[in-house]
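>>> all I have is the shape, not the residue letters:
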């Protein structure tokens, strides 16, 4: 046997094994994916997360709701750790300038 014939036989065996493995993989059913349920932390007795979800469902109507604005302010206060009551209150806008009549 010369080297070329041995190389051709080796290549044919390699291709045959690759085809056989591919066919075996195609006939196997895929394993079902087990998706873990997202764990949502809901503190006991704290109504803020439920109120924030309700405000999120309201969409743009939540902007005019004082309850939603208060919930967002409380969420900001907790997130930033601010203990000053004025830090999360609604900003006070100055009165618009009066127009001068000539």
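Looks like it came in fine. Since the model is a prediction, treat every value here as computed from it, not as a measurement.
>>> for the rest of this, base every contact and every neighbour count on C-alpha atoms.
Will do.
>>> could you list the low-pLDDT ranges of the protein?
Judged against pLDDT under 70, the low-scoring parts of the chain cover residues 1, 35-43, 84-93, 99-102.
>>> can you show me the helices along it?
Shown for the chain, the helices assigned by DSSP state H span residues 3-27, 48-58, 66-80.
>>> adding distance to residue 97, write those helices out as JSON lines.
Rendered in JSON lines, the data for the helices of the chain read as follows (distance: least, C-alpha to C-alpha, whole Å):
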{"stretch": "helix 3-27", "distance to residue 97": "76"}
{"stretch": "helix 48-58", "distance to residue 97": "35"}
{"stretch": "helix 66-80", "distance to residue 97": "27"}
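>>> could I get those as TSV with distance to residue 98 and mean neighbour count?
Listed next are the helices of the chain as TSV, based on distance: least, C-alpha to C-alpha, whole Å; neighbours: other C-alpha atoms under 10 Å:
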stretch	distance to residue 98	mean neighbour count
helix 3-27	79	11
helix 48-58	37	14
helix 66-80	29	15
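>>> for those, which one sits closest to residue 95?
Each of the helices of the chain was scored for nearness to residue 95 using C-alpha to C-alpha, and the closest is helix 66-80 (21.7 Å).
>>> now the angle from that closest one to helix 48-58?
Here helix 66-80 runs at 130 degrees with respect to helix 48-58, directions being taken by axes from the mean of the first three to the mean of the last three C-alpha atoms, to 10 degrees.
>>> how far away is residue 70 from residue 58?
15 Å (C-alpha to C-alpha, to the nearest Å).
>>> now do residue 96
31 Å.
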